[in-house]
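>>> When you get a sec, could you give me coordinates for this:
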Amino acid sequence: MFCRYCGKEIPEGVNLCPYCQRPFEPTYMQGIQASGKSNQTKYMIFTLGLILLVIGFFSVTHSVTVTRYRSYYGFQVPYQATEYPFQPLGILLVIIGLVAIIAGFTYGSKQQSGSEKKVNALQNLL
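Okay, here's the model as predicted:
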């Protein structure tokens, strides 16, 4: 565990930081230790969103040139046509990627009321 004031490591079971002599608050320390896993999940969601966005972009822009035939005065005349076979999938991947990126930014953040912000600000000053 780490002290919230000086940032140094504190041994288990102490009530006072041996370095800065400030009181130890276990609930705050537990939140710091739990936030590491939260950040890892946040980055994984964000990275997944970026990967889906890139794959979706290339799926939307990927084109295939095919040879088609049309009838012209009774003759089959070949012509080149450009198709985008993965465009619907690409659009879906882009949308899912954008949602995952937004979720990655907002994952783990909580809204605080005005009074909670004031209490946290006062605790940080102590």
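>>> Name the residues of stretch 75-89 that come out as buried.
residue 86 (16 or more other Cβ atoms under 10 Å). Glycine gets a C-beta too; all of them are placed from N, C-alpha and C.
>>> Outside of it itself, list whatever touches it.
The contact list for stretch 75-89, computed with Cβ atoms under 8 Å, 6 or more residues apart in numbering, reads 56, 59-60, 62-71.
>>> Just give me the closest of those residues to residue 100.
residue 56 (10.9 Å; Cβ to Cβ).
>>> which residues does the nearest residue to the closest one once chain neighbours are set aside contact?
Leaving aside its sequence neighbours, residue 56 sits nearest to residue 93 (Cβ to Cβ, 6 or more residues apart in numbering; 3.0 Å). With contact set as Cβ under 8 Å, 6+ apart, residue 93 has these partners: 52, 53, 55, 56, 59.
>>> can you pull out the strands in the chain?
Per DSSP state E, the chain carries strands over the ranges 64-72, 75-83.
>>> Quick one: the helices in this protein, in order.
26-61, 87-106, 114-125 (DSSP state H).
>>> sorry, back to before: can you tell me which of the strands of the chain is nearest to residue 40?
Of these, nearest to residue 40 by Cβ to Cβ is strand 64-72, at 39.4 Å.
>>> Could you identify which of the contacts of stretch 75-89 has the most neighbours?
residue 56 (21 neighbours; other Cβ atoms under 10 Å).
>>> hang on, the earlier thing: between the helices of the chain, which gets the lowest average pLDDT?
Mean pLDDT is lowest for helix 114-125 among the helices of the chain, at a mean of 58.
>>> can you pull the contacts of the residue lying closest to residue 103 once chain neighbours are set aside?
Nearest non-adjacent residue to residue 103, counting by Cβ to Cβ, 6+ apart: residue 45, 5.4 Å away. Residue 45 is in contact with 100, 103, 104, 107, counting by Cβ under 8 Å, 6+ apart.
>>> Ok, residue 8 next?
Contacts of residue 8 by Cβ under 8 Å, 6+ apart are 2, 17, 19, 20.
>>> what about 6 Å?
Neighbour list for residue 8: residue 19 [criterion: Cβ atoms under 6 Å, 6 or more residues apart in numbering].
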